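S.K.: What follows is a predicted structure for the sequence shown.
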Amino acid sequence: MGEGAFRALPPYASPTDVEASSFTPSLPAPAARPLAAIRRFSGRWGLVIALLALPVYYGIRDLTHGYQAGVVAGHAVVHHDLTRLGFNFAQGLSNGAIWALIAIGYTLVYGIIELINFAHGDVFMIGSMTSVGLWGTLGLGLTTGPLGLILGLVLTLLVSMLVCGSLNVLIERVAYRPLRGAPKLAPLITAVGFSFILQNVGLLWNGGSPFGVNDLIHQGQTVFHIFGVPIVRGYLLALAVMVPLVFGLGWFIGSTRAGRAMRATAQDPEAARLMGINVNQTISLTFLLGGMLAGAAGLVYALYETNVWYFQGFKAGLIAFTAAVMGGIGNVRGAVLGGLIIGVIQALSDARMGPQWTEAVVFGYLIVIMILRPRGLLGEETREAG
Amino acid sequence: MSAPETTDRPSQAEAFGELRALTREWRAAIDRRLPPWWSRGVAGALLVIGILLPFLFPTNNGFMNATIIALAFAVMSLGLNVVVGFAGLLDLGYVAFYAIGAYSLGWFGSDFFFKAHLHIGVHGVAATEAGIHLNFILILICAAIICGIAGMIIGLPTLRLRGDYIAIVTLAFGEIIGVLAVNGQSVSLGGGQTLTAGNLGISAVDAPYFPGIGQFDLLNLRPWYWLIFAILLVVVGVNLRLRDSRLGRAWIALREDEVAAVSMGIPSVRTKLSAYAIGAMFGGMSGAFLGAYYTTVNAGQFQFGFSIFILAMVIIGGLGSIWGALLGGLLLGYINNWLIPDVLNNVPSKLGLNFSMTEIEYGIFGFLLVLVMLLRPQGLIPERRRKLELTSEIAPEDAQLVESTAP
């Protein structure tokens, strides 16, 4: 900014006005503006710092204060190492695998029609209930042999995915498609409406309290240890279902014709339509994929938690939505990352603060994300969260 | 999201258009024949009916009970209407203000703070017991102030956000308040004093007392009815004045186009925060009343479903419409407290089904929400401005204007 520019301004402009009016983003922030520098710093690193705060705090606490690892001959055994933290991480990552599968459903739908599909968590719940119902029909029990168990569970997985996928497509067809041109509030409200309807379907199906199911895979059985952290069957199952599905989805979206249509529709539905893409069909496909992943998550949840409840979908939905927002909504890799992170936060909070506070901790993080970095870890700026 | 495809069904649309034109003609004809003071007359008649209604029923009757709760819900619905309807900020955590209002009553109108001794304008047992005991009017004022501040705090992180993201942040706050209410029993304020009484509930809260009227009790519901009716009248009056005020027009301008409104000089932050605060104040007042009426402040009352229940009232009534929010609140209040539990509860078992209607009431509300959004998105009594937006054709008087100005 030269002197000429300064003189050209009207006489009543104060020097601060000049600075504000001729701001160019390429210039480095002047040292006189610490607030802006802080804001930029918190925008870039604030969320990362907030996310690291919890594990770092508890890690240091474990090392300095120690924790009670067990009781031998009436004396508490106190350890000063990171094994407990590692245990929290293992549990959190496997929990997170389930949240990641659900979060992908949110992120896919949001990416393509910018709608928070509130009913998605309840579709996941229906997936759990379908799986449990199908085991009963197939006669899978604690005494079933390994081969029968694997075949039965694969069949259950496929049926559950199919049921949830079709349910999601149906909901889109009935509740969201007629409101395509309406104000954005309208489909959000029908989504909430459908969430309640599905919850009541679950309530009538399996009753109003958590319903214990057979621990078919003996999920608590330790398979091996990593650095003293026991890895149990449940963790391996969660990862074994999540990883191939996520890679399969990545391949589908990245390499197939239908996946390309999905990406095009997400970018610009109108242009995609002009290019000959059947937009409605593509949106239905997106809901089908999201629902299928939720169905898979439903089966894993039932095997892993060994109980199902009509209200599980509400909580899972909110956690998974937080995960999707954390990763950057609309971004599949972000949803997986966010799911795993939220899983770890949840496990830490469950183990250290008590499960009754977990919901508040997760939502506290959601608010922190919204304040510090509304576009999430891997997300782009969107119109909504600019 | 723009509409990628519109399904045109010309014959049906035409038929609807004709029907709409016909009803508009009839309405105009009716309006011409009515005297100019008829709307004031109807309002006066409703007021008189409202005041005299308790004399038609016994003093302690299920329908009166439902009416009182429905009126309290209508107050909340009017409060949420300020936030969602006027300012267009989708608030999914309104239950937080119900909770805070109810806890204001629990804190300032019971022996919960057993170490304190503060008695202002109370009577009978409440004037001698330990704890803070304020007169009900003071509690209402406290509830309104605390909720107003809480509303602004909840509003702060949403200022930079739009649309769905606001919904999520408010939802998160609502849930955090709910978790706090449940776990408040383990939050110590020092000296054995906790924040809330959790799921046990703060019971034995003071019944309202007014000099000259006496102590309220649940055997005679009439004073309760008149109290909540008076609160409702005040809230409706405030709402009507606010809607036509400078602030009300600023809310609507922000709702319609934020960028345009801000560039016209509307202070976005102050306007939005005042919407949150005022909406929250009404919710808090109603919450304090309901706490007193239920005689307990229990953490189990403050579920996410309640936020949606109040939102459903606003939407079914008509977003942004005061009379709509009032009607929606009364309608769902009666459905929830009278029609489902008293009238229809046994219908499924009579049909041989193994559940009662109260179990699936949220499913019924969800179904109503979907149905209203699909069939009548503008609500039962739509706001005039929104109706114009949703019906794409030009009203006949505007069409005449266009014709008369054309050369």
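M.R.: Sure, I can see it. Numbering: from 1, shown residues only, chains lettered A, B, ... in the order given.
S.K.: show me the contacts for the closest residue to B:Ile213 other than its chain neighbours.
M.R.: In this structure, B:Ile213 finds its nearest non-sequential neighbour in B:Pro223, 6.2 Å apart by Cβ to Cβ, 6 or more residues apart in numbering or on different chains. Every C-beta, even on glycine, is put in place using the N, C-alpha and C of the backbone. Contacts for B:Pro223 (Cβ atoms under 8 Å, 6 or more residues apart in numbering or on different chains) come out as B:208, B:213, B:216.
S.K.: By neighbour count, which of these wins?
M.R.: B:Pro208 (23 neighbours; other Cβ atoms under 10 Å in any protein chain shown).
S.K.: So B:Ile381, which state does it fall into?
M.R.: Secondary structure state of B:Ile381, per DSSP: H, G, I helix; E, B strand; the rest coil, is coil.
S.K.: can you tell me which residues contact it?
M.R.: B:317-318, B:321, B:323-324, B:327.
S.K.: Neighbour count for these - can I get that in CSV?
M.R.: Listed next are these as CSV, based on neighbours: other Cβ atoms under 10 Å in any protein chain shown:
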residue, neighbour count
B:Gly317, 31
B:Gly318, 26
B:Ser321, 26
B:Trp323, 17
B:Gly324, 26
B:Leu327, 20
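S.K.: and those as JSON lines, adding secondary structure, pLDDT and distance to B:Ala230?
M.R.: JSON lines is the format used below for the contacts of B:Ile381 (DSSP: H, G, I helix; E, B strand; the rest coil; pLDDT from 0 to 100; distance: Cβ to Cβ, whole Å):
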{"residue": "B:Gly317", "secondary structure": "helix", "pLDDT": "89", "distance to B:Ala230": "21"}
{"residue": "B:Gly318", "secondary structure": "coil", "pLDDT": "87", "distance to B:Ala230": "25"}
{"residue": "B:Ser321", "secondary structure": "coil", "pLDDT": "90", "distance to B:Ala230": "23"}
{"residue": "B:Trp323", "secondary structure": "helix", "pLDDT": "91", "distance to B:Ala230": "19"}
{"residue": "B:Gly324", "secondary structure": "helix", "pLDDT": "91", "distance to B:Ala230": "22"}
{"residue": "B:Leu327", "secondary structure": "helix", "pLDDT": "93", "distance to B:Ala230": "19"}
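S.K.: Which strand or helix spans the residue nearest to B:Ile213?
M.R.: B:Pro223 belongs to helix B:222-243 when assigned by DSSP states H and E.
S.K.: mind listing the helices for the stretch 51-200 of chain A?
M.R.: A:83-113, A:120-138, A:146-171, A:185-206 (DSSP state H, counting those that start in this stretch).
S.K.: Make JSON lines out of the ones you listed and add mean pLDDT, distance to B:Ala116 and mean neighbour count.
M.R.: Below are the helices of the stretch 51-200 of chain A laid out as JSON lines (pLDDT from 0 to 100; distance: least, Cβ to Cβ, whole Å; neighbours: other Cβ atoms under 10 Å in any protein chain shown):
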{"stretch": "helix A:83-113", "mean pLDDT": "91", "distance to B:Ala116": "41", "mean neighbour count": "25"}
{"stretch": "helix A:120-138", "mean pLDDT": "92", "distance to B:Ala116": "43", "mean neighbour count": "25"}
{"stretch": "helix A:146-171", "mean pLDDT": "93", "distance to B:Ala116": "52", "mean neighbour count": "19"}
{"stretch": "helix A:185-206", "mean pLDDT": "89", "distance to B:Ala116": "41", "mean neighbour count": "23"}
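S.K.: What residues does the stretch 151-300 of chain A have near chain B?
M.R.: The stretch 151-300 of chain A has residues A:174-175, A:178-182, A:184-190, A:192-197, A:199-201, A:203-204, A:208, A:265, A:269-270, A:272-273, A:279-280 near chain B, with proximity defined as Cβ under 8 Å from any Cβ of the partner chain.
S.K.: near chain A, which residues of the stretch 201-350 of chain B show up?
M.R.: Counting by Cβ under 8 Å from any Cβ, the stretch 201-350 of chain B comes close to chain A at B:304-305, B:308, B:311, B:315, B:319.
S.K.: Check the stretch 51-200 of chain B too.
M.R.: B:90, B:92, B:157-158, B:160-165, B:167-169, B:171-173, B:175-176, B:179-180, B:182-183.
S.K.: let's see it at 7 Å
M.R.: Contact residues (Cβ under 7 Å from any Cβ of the partner chain) of the stretch 51-200 of chain B with chain A: B:90, B:157, B:160-165, B:167-169, B:172, B:175-176, B:179-180, B:183.
S.K.: Give me the subset of the residues you listed lying in helices.
M.R.: Among those, the members found in helices (DSSP state H) are B:164-165, B:167-169, B:172, B:175-176, B:179-180, B:183.
S.K.: Now flag whichever of those residues is closest to B:Asn135.
M.R.: Among those, B:Leu180 lies closest to B:Asn135 (Cβ to Cβ), at 27.1 Å.
S.K.: Contact partners for the closest one?
M.R.: For B:Leu180, the contact set (Cβ atoms under 7 Å, 6 or more residues apart in numbering or on different chains) comprises A:Ala360.
S.K.: For the most centrally placed residue in chain B, which non-adjacent residue is closest in space?
M.R.: Nearest to the centroid of the C-alpha atoms of chain B, with distances taken as Cα atoms, centre = their mean, sits B:Ser77, at 1.4 Å. Nearest in space to B:Ser77, with sequence neighbours left out and distances taken as Cβ to Cβ, 6+ apart, is B:Gly329 at 3.4 Å.
S.K.: and if you look at B:Phe57?
M.R.: Per Cβ to Cβ, 6+ apart, closest to B:Phe57 is B:Met64, 5.1 Å.
S.K.: is it true that that neighbour lies in a helix?
M.R.: Yes. Under three-state DSSP, B:Met64 sits within a helix.
S.K.: rewinding a little: tell me the secondary structure at the residue nearest to B:Ser77.
M.R.: Applying three-state DSSP: B:Gly329 is helix.
S.K.: Could you measure from it over to B:Leu105?
M.R.: 20 Å (Cβ to Cβ, to the nearest Å).
S.K.: now do B:Trp26
M.R.: B:Trp26 is 49 Å from B:Leu105, by Cβ to Cβ.
S.K.: And the two? Which one has more around it.
M.R.: B:Leu105 (30 against 10).
S.K.: got the contact list for residue 142?
M.R.: By default, I'm working from chain A. A:Leu142 makes contact with A:Asn214, according to Cβ under 7 Å, 6+ apart.
S.K.: Switch to chain B, please.
M.R.: Counted by Cβ under 7 Å, 6+ apart, B:Cys142 has contacts B:104, B:108.
S.K.: For chain A, see how far away it is.
M.R.: Relative to chain A, B:Cys142 is positioned 25 Å away (Cβ to the nearest Cβ, to the nearest Å).
S.K.: Please save the CA atoms from the helix or strand where that residue lies in CSV.
M.R.: In this assignment (DSSP H and E), B:Cys142 forms part of helix B:136-155. The C-alpha trace of helix B:136-155 is given here as CSV (Å, rounded to 0.1, in the frame of the first residue of the first chain):
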residue,chain,number,x,y,z
PHE,B,136,-43.8,-17.9,42.2
ILE,B,137,-43.7,-14.6,40.3
LEU,B,138,-40.1,-14.1,41.4
ILE,B,139,-39.3,-17.6,40.3
LEU,B,140,-40.8,-17.0,36.9
ILE,B,141,-38.6,-13.9,36.6
CYS,B,142,-35.5,-15.8,37.7
ALA,B,143,-36.3,-18.7,35.3
ALA,B,144,-36.7,-16.2,32.4
ILE,B,145,-33.5,-14.4,33.2
ILE,B,146,-31.4,-17.6,33.7
CYS,B,147,-32.9,-19.1,30.5
GLY,B,148,-32.3,-15.9,28.6
ILE,B,149,-28.6,-16.0,29.5
ALA,B,150,-28.4,-19.8,28.8
GLY,B,151,-30.0,-19.1,25.4
MET,B,152,-27.4,-16.6,24.5
ILE,B,153,-24.6,-18.9,25.6
ILE,B,154,-26.1,-21.7,23.5
GLY,B,155,-26.5,-19.3,20.6
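S.K.: Report the buried residues of that helix.
M.R.: Residues of helix B:136-155 classed as buried: B:136, B:139-144, B:146-148, B:150-151, B:154-155 (neighbour count, 16 or more other Cβ atoms under 10 Å in any protein chain shown).
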